[in-house]
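J.: my questions concern the predicted model and sequence given below.
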Amino acid sequence: MARNGGYGMRYDVLREFAARGNADPVRLNAYVAFDYARSQTDQQYRDNAFNFHSALRDFGYKVIQKPVKWYVDESGSPYGKANADLDMAVDALLQSEKLDRVLLATGDGDFVQVVRALQNRGCRVEVVAFANVSAELRREADMYLSGYLIPNMQPLGGEGRWGDVGSRVRGVCYSYSHDRSFGFLRFLKEIRPGLWNIDTRRDNSPYASAFAHESEFPKEIDVNKLPSREHVFEFTLISSDRGLQAKDLAVTRHA
């Protein structure tokens, strides 16, 4: 996750998202790579790993360490590898017998068959990931949500809480008027049930929308291809006579 856009992800927020709607989290597995050989000689690496694993345990995760194994490629250069895919797949299947919902934090397309197997066992399967996410995995899951769009999953700075005027949030452009040169960005206001309710005009929708003039979109964005869900925008919320308005737009992720 860290190497695919999720660096700095807050695991307490991930837990909150997984358990939204007063769900009871039965299992919280975190698969982490650990280089035992390096830990013997690198004090800072050892301390950082210990602190990270301790924080995960404080949030209620079971830390499953995968030892880094070292190999030599054809050019004679060493490289390390710690693959947790099989462990994660087996654990998900074995531990899902009495679960209603399984959330997989991965973008790896190898988990498509795991998703299908879990669904055949009666589980609802959700996927959260950031960059380099398998399109087939997104289609197969009962729900896919980009980690970039989950409030506070990655702290963005700005003033106030996520969703308040002055804060930085992330969202997608769901509507754009080419004749009038403006669009609307939808963002998730807070973590709560009803994620299917994307109509921001409804009072019980967990989403809100912000107006954005064409001039606010980054130059690398072709506005002729908007609206699009393939771009995640980061922006500052300000108050205007149109309601919420998006300023200082930046692209977080391209297709």
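T.: Thanks, I have the structure now.

J.: which parts of the stretch 151-255 of the chain are strands?
T.: Applying DSSP state E, counting those that start in this stretch to the stretch 151-255 of the chain gives strands spanning 168-177, 182-188, 207-213, 228-240, 243-253.

J.: may I see the buried residues of the last one?
T.: By neighbour count with 16 or more other Cβ atoms under 10 Å, strand 243-253 contains the buried residues 244-246, 249, 252-253. In this view, the C-beta of every residue, glycine as well, is placed from N, C-alpha and C.

J.: and it, how far out from the chain middle?
T.: Its chain's C-alpha centre and that of strand 243-253 lie 19 Å apart, by Cα atoms, centre = their mean, to the nearest Å.

J.: tell me the mean pLDDT for it?
T.: Averaging pLDDT along strand 243-253 gives 93.

J.: strand 168-177 and that one, what's the angle between them?
T.: Angle of strand 243-253 versus strand 168-177, following axes from the mean of the first three to the mean of the last three Cα atoms, to 10 degrees, is 100 degrees.

J.: got the CA coordinates for strand 243-253 in CSV?
T.: The C-alpha trace of strand 243-253 is given here as CSV (Å, rounded to 0.1, in the frame of the first residue of the first chain):
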residue,chain,number,x,y,z
GLY,A,243,-22.2,27.7,-1.8
LEU,A,244,-19.1,25.7,-1.4
GLN,A,245,-16.4,26.4,-4.0
ALA,A,246,-13.2,24.5,-4.9
LYS,A,247,-10.0,26.5,-5.1
ASP,A,248,-6.3,25.6,-5.7
LEU,A,249,-7.1,22.3,-7.5
ALA,A,250,-4.3,19.8,-7.9
VAL,A,251,-4.4,16.3,-9.4
THR,A,252,-3.8,13.5,-6.9
ARG,A,253,-4.2,10.6,-9.3
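
J.: quick one, it and strand 228-240 angle?
T.: If you take the same axes, to 10 degrees, strand 243-253 sits at 140 degrees to strand 228-240.

J.: and strand 243-253, what does it pack against?
T.: Applying 3 or more Cβ pairs under 8 Å, 6 or more residues apart in numbering; DSSP states H and E, one finds that strand 243-253 contacts strand 207-213, strand 228-240.

J.: let's have these in TSV, adding mean pLDDT and mean neighbour count.
T.: Listed next are the helices and strands packed on strand 243-253 as TSV, based on pLDDT from 0 to 100; neighbours: other Cβ atoms under 10 Å:
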stretch	mean pLDDT	mean neighbour count
strand 207-213	96	20
strand 228-240	93	18
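
J.: now these in CSV, with distance to E74?
T.: Formatted as CSV, these follow (distance: least, Cβ to Cβ, whole Å):
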stretch, distance to E74
strand 207-213, 50
strand 228-240, 37
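
J.: among these, which is nearest N132?
T.: Smallest distance to N132 across these (Cβ to Cβ): 13.5 Å, for strand 228-240.

J.: quick one: strands adjacent to the closest one?
T.: Using DSSP bridges, strand 228-240 pairs in its sheet with strand 168-177 (antiparallel), strand 243-253 (antiparallel).

J.: what about the first one, distance to the chain center?
T.: Here the centre of strand 168-177 is set off from its chain's centre by 17 Å, with Cα atoms, centre = their mean.

J.: where do the helices sit along the stretch 1-150 of the chain?
T.: Using DSSP state H, counting those that start in this stretch, the helices found in the stretch 1-150 of the chain span residues 11-18, 36-41, 43-58, 85-95, 112-120, 135-140.

J.: which one of those lies closest to L149?
T.: Of all the helices of the stretch 1-150 of the chain, it is helix 11-18 that lies closest to L149, at 10.5 Å by Cβ to Cβ.

J.: can you put the helices of the stretch 1-150 of the chain in TSV and add distance to D222?
T.: Putting the helices of the stretch 1-150 of the chain into TSV (distance: least, Cβ to Cβ, whole Å) gives the following:
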stretch	distance to D222
helix 11-18	32
helix 36-41	45
helix 43-58	40
helix 85-95	36
helix 112-120	31
helix 135-140	21
